[in-house]
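Visitor: Sequence below, structure please.
(2 chains)
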Amino acid sequence: MARYRGNVEAVRSLVRDTEVHRDVYIDEEVFALEMEHLFANTWIYVGHDSQIPNPGDYFGTTIGAQPVLMVRHTDNTVKVLFNRCPHKGTRITSETCGNAGKFFRCPYHAWSFRTDGSLLAIPLRKGYENTGLETSRAAAGMAAVRHVKNYRGFVFAKLNDAGMDFEEYFGDSLSSFDNMIDRSPVGKLEVAGGVLRYMHNCNWKMLVENQTDTCHPMVAHESSAGTAVAVFNRYPPGTKKPMAVEIYAPFMAPYEFFENMGIRVWPNGHGHTGVHHSIHSDYSAIPGYYEKMVQAYGENRAKAILGENRHNTIYFPNLMIKGPIQLIRLFKPLAVNKTLVESWTFRLVDAPDMLLERTLMYNRLINAPTSVVGHDDLEMYERAQEGLHVDANQWVNLQRLYSPSEQADVTAEMNGTSEWQMRNQFRAWSKFMTMSM
Amino acid sequence: MNVPSNQDLVDFVTREARLIDQHRFDEWLDLFTEDGIYWMPLEWGQTDPKLVASLMYEDKFLLTIRVERLKGNRTFSQKPKSRCHHILQVPQIERRDEAGNEYVTWTPMHYIETRFDDQQLYAAWATHTLTVDDGRLRIKLKRVDLVNSEAAFGSIQLFM
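Guide: Got it, this is the predicted structure:
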């Protein structure tokens, strides 16, 4: 029996000021409603335009449960199309990336479509004369997502007409993207290195919450980061810290480090850790990079760009970016208890290769299915996914550093161990879930 | 041993898998030379380990962290511990370079890793670059190419 479908009050009642009901993580009907409403009313990251540099280039992905194609149209703009033939439903492309040439051609009956999705040709067309095909959905071609925004190379789409325009939705949170992009001396990023794909048997929101959970690293990652520090400490004093230790060691920083790094929240569920410093602040300088930045931007601006070391920025609902190391993680919901985590890395155009090398090492050590840090985290998510079936307590607590005066949809900075950003996400969740119900 | 026979190479690769399956990780780690590397590429036919992502590209320091972590009291993802099982084809001798003290073998294999009620099967090719060091064979590079290296995997916690 439907408990939540069509019942706005029931959905709203899942989110309280300081706790959320377990059904947001374990109820299949809530998950289905997320796909229909939350992932349709919000701006979802699709891909980066460096993945499709030439007309006809495409990249296949999903928005919530919807298969889509991001494609470079002949006029050089980026389109997002639903990836099905309007005729019989066949998925048009099977490879994740490729070049369609001047048009897409369905491999089943050879209907063809321009790279904006419009119908180009149907074989043996006279069979449709006087059938009224021209008014059918099929004749409309591959449906295009109407709301698409290419923000400095990062392509987002919103499926529904409901919701906000891009600028209003993201507001000042775009400063994290700006900082990541400005770290290239020419202000340009390219997807590079390949994507790590890690399957998680847990709800997608557990991963999103973990990104600003600063009270877990020194506990859950004691096994990995703690061991890394212990093994390094056996080396003779004065041994140069390997890059891997620079990456691992900050996970073992004490609570004060995370308290002092600060959290900033923005309206609509966005926010970031690392207002003042972060686990990325103390990496060794890469030879030649600072000089290039000064040359490109002047000393003051270069220092300002490189002095910003935001830790994790959440772009609600399911994207996290790390500006200082040009890494993004996309949490793709597959089922109420299944999430595909894609970790993408970028090259700063015209910067030393060593930066990409470090980014790739970080991704490998922290985000791969073979990563010990990843193992630590996934173990906790999976335990939660099981533990939430306990009926005796059906609520998840988000109370840390809560004050009754806390407002929704504001910009604010606070102690870095606050769970305000998690509360911020759930307030946004409630708003965008119910917006079109 | 100065120059290993082909059978020595085959025996070495077989024993290496056995040490992993029996959780004799300290002995396993000792098979690597001090600058030895364990590499699990992400891409089919990958040649660049540094500017292209890999699942693993680990020197002895990183491998030591893994081995120590597996023993840790607060290693919660290993409560209970994973177990694994290798099925190797007979290793094929790919290259013998006695003058350069370098020997390469190629070994198709199936690898099974299990924990709780979950059991995963992986298919891969292992390429061992071996050398004689202080009278015994050791690993300069162990490269594991998964047949489906770009697929989305759950946690892979032990060593293929």
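
Visitor: which helices and strands sit right next to the top strand by length along chain B?
Guide: Looking across chain B with DSSP state E, the single longest strand is strand B:118-133. On a contact count with 3 or more CB pairs under 8 Å, 6 or more residues apart in numbering or on different chains; DSSP states H and E, strand B:118-133 meets helix B:6-21, strand B:102-115, strand B:136-146. In short, each C-beta sits where N, CA and C put it, glycine included.

Visitor: Now do the shortest one: distance to the chain's middle.
Guide: Going back to what we said before, that points to strand B:136-146. Put simply, strand B:136-146 sits 6 Å off its chain's centre (CA atoms, centre = their mean, to the nearest Å).

Visitor: for stretch A:90-110, same thing?
Guide: The answer for stretch A:90-110 is 26 Å, by CA atoms, centre = their mean.

Visitor: Identify all contacting residues around it.
Guide: Residues outside stretch A:90-110 that contact it (CB atoms under 8 Å, 6 or more residues apart in numbering or on different chains): A:51-52, A:54-61, A:67, A:69, A:71, A:74, A:83-85, A:87-88, A:111-115, A:120, A:122-123, A:142.

Visitor: Next up, the contacts around residue B:38.
Guide: Counting by CB under 8 Å, 6+ apart, residue B:38 touches B:32, B:56, B:57, B:58, B:63, B:141, B:142, B:144, B:159.

Visitor: where's it, which helix or strand?
Guide: strand B:32-41 (DSSP states H and E).

Visitor: Between strand B:118-133 and that strand, find me the angle.
Guide: Interaxial angle, strand B:32-41 versus strand B:118-133 (axes from the mean of the first three to the mean of the last three CA atoms, to 10 degrees): 140 degrees.

Visitor: Name the SS class of whatever residue of the stretch 201-350 of chain A ends up closest to chain B, please.
Guide: Chain B sits closest to residue A:223 of the stretch 201-350 of chain A, with a gap of 4.0 Å, by CB to the nearest CB. Taken by DSSP: H, G, I helix; E, B strand; the rest coil, the conformation at residue A:223 corresponds to helix.

Visitor: Poorly predicted segments of chain A, please.
Guide: In the predicted model of chain A, residues A:1 satisfy pLDDT under 70.

Visitor: Show me what the longest strand seen in it is packed against.
Guide: When chain A is scanned for its longest strand (criterion: DSSP E), the result is strand A:338-348. Under the contact criterion of 3+ CB pairs under 8 Å, 6+ apart, strand A:338-348 touches strand A:189-191, strand A:196-200, helix A:204-210, strand A:327-335, helix A:353-367.

Visitor: can you list the residues of chain B near chain A?
Guide: Listed as neighbours of chain A in chain B under the rule CB under 8 Å from any CB of the partner chain: B:40, B:42-43, B:50-57, B:61-62, B:64-66, B:68-69, B:72, B:74-77, B:150-157.

Visitor: Tell me which stretches of the stretch 151-300 of chain A form helices.
Guide: A:166-170, A:174-182, A:204-210, A:217-220, A:227-233, A:243-248, A:255-261, A:289-297, A:299-307 (DSSP state H, counting those that start in this stretch).

Visitor: Tabulate these in CSV, adding columns for distance to residue B:102 and mean neighbour count.
Guide: Below are the helices of the stretch 151-300 of chain A laid out as CSV (distance: least, CB to CB, whole Å; neighbours: other CB atoms under 10 Å in any protein chain shown):
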stretch, distance to residue B:102, mean neighbour count
helix A:166-170, 54, 17
helix A:174-182, 43, 21
helix A:204-210, 44, 23
helix A:217-220, 42, 19
helix A:227-233, 29, 19
helix A:243-248, 26, 20
helix A:255-261, 46, 17
helix A:289-297, 36, 16
helix A:299-307, 43, 14
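
Visitor: and residue B:112, how many residues sit next to it?
Guide: Residue B:112: 14 surrounding residues under other CB atoms under 10 Å in any protein chain shown.

Visitor: That one: what's its closest spatial neighbour, skipping adjacent residues?
Guide: Counting by CB to CB, 6 or more residues apart in numbering or on different chains, residue B:112 lies nearest to residue B:85, which is 4.4 Å off, once chain neighbours are set aside.

Visitor: Identify the residues contacting whatever helix or strand that neighbour lives in?
Guide: Assigned by DSSP H and E, residue B:85 belongs to strand B:83-88. By CB under 8 Å, 6+ apart, the surrounding residues in contact with strand B:83-88 are B:13-14, B:17-18, B:20-21, B:23, B:107-115, B:126, B:158-160.

Visitor: Weed out the non-buried ones from those residues.
Guide: Buried by 16 or more other CB atoms under 10 Å in any protein chain shown: B:13, B:17, B:20-21, B:23, B:107-109, B:111, B:113, B:115, B:126, B:158-160, out of the contacts of strand B:83-88.

Visitor: Could you count how many residues lie near residue 4?
Guide: Since you didn't name a chain, this refers to chain A. Residue A:4: 19 neighbours (other CB under 10 Å).

Visitor: Chain B is the one I meant
Guide: Residue B:4, neighbours per other CB under 10 Å, totals 20.

Visitor: Could I get the contacting residues of it?
Guide: B:12, B:103, B:130, B:132, B:137.

Visitor: about what we covered before: pairing partners for the longest strand of chain B, with directions?
Guide: Looking at strand B:118-133 with DSSP bridges, its partner strands are strand B:102-115 (antiparallel), strand B:136-146 (antiparallel).

Visitor: Could you dump those strands into TSV with distance to residue A:409 and mean pLDDT added?
Guide: As requested, these are arranged in TSV below (distance: least, CB to CB, whole Å; pLDDT from 0 to 100):
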stretch	distance to residue A:409	mean pLDDT
strand B:102-115	43	98
strand B:136-146	46	98
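
Visitor: can those strands go into JSON lines with extra columns for distance to residue A:234?
Guide: Converted to JSON lines, the strands paired with strand B:118-133 look like this (distance: least, CB to CB, whole Å):
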{"stretch": "strand B:102-115", "distance to residue A:234": "29"}
{"stretch": "strand B:136-146", "distance to residue A:234": "21"}
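
Visitor: Nearest to residue B:1 among these would be which one?
Guide: Closest of those to residue B:1 is strand B:136-146, at 6.3 Å (criterion: CB to CB).

Visitor: contacts for the closest one?
Guide: Residues from elsewhere that reach strand B:136-146, judged by CB under 8 Å, 6+ apart: B:1, B:4, B:8-9, B:12, B:16, B:31-33, B:35-41, B:44, B:55, B:102-103, B:122-132, B:160.

Visitor: rerun at 6 Å
Guide: Contact partners of strand B:136-146, identified using CB atoms under 6 Å, 6 or more residues apart in numbering or on different chains, comprise B:4, B:12, B:31-33, B:36-41, B:122, B:124-131, B:160.

Visitor: Same question for stretch B:58-66.
Guide: A:227, A:228, A:231, A:244, B:29, B:32, B:36, B:37, B:38.

Visitor: Kindly reformat the residues you listed as TSV containing distance to residue A:429.
Guide: Shown next, in TSV, are those (distance: CB to CB, whole Å):
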residue	distance to residue A:429
A:227	36
A:228	35
A:231	41
A:244	36
B:29	46
B:32	48
B:36	48
B:37	45
B:38	42
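
Visitor: Go through those residues and say which is closest to residue A:388.
Guide: For these, the residue nearest residue A:388 by CB to CB is residue A:227; the value is 29.5 Å.

Visitor: ok, that closest one touching residue B:70?
Guide: No. Distance between residue A:227 and residue B:70: 9.4 Å, which falls outside the contact criterion (CB atoms under 6 Å).

Visitor: Check what contacts stretch A:304-315 and list those residues.
Guide: A:176, A:179, A:182, A:211, A:270-274, A:277-278, A:280-281, A:320-321, A:323-324.

Visitor: In strands, which of those fall?
Guide: Of the positions in these, A:271, A:272, A:273, A:320, A:321 sit in strands, assigned by DSSP E.
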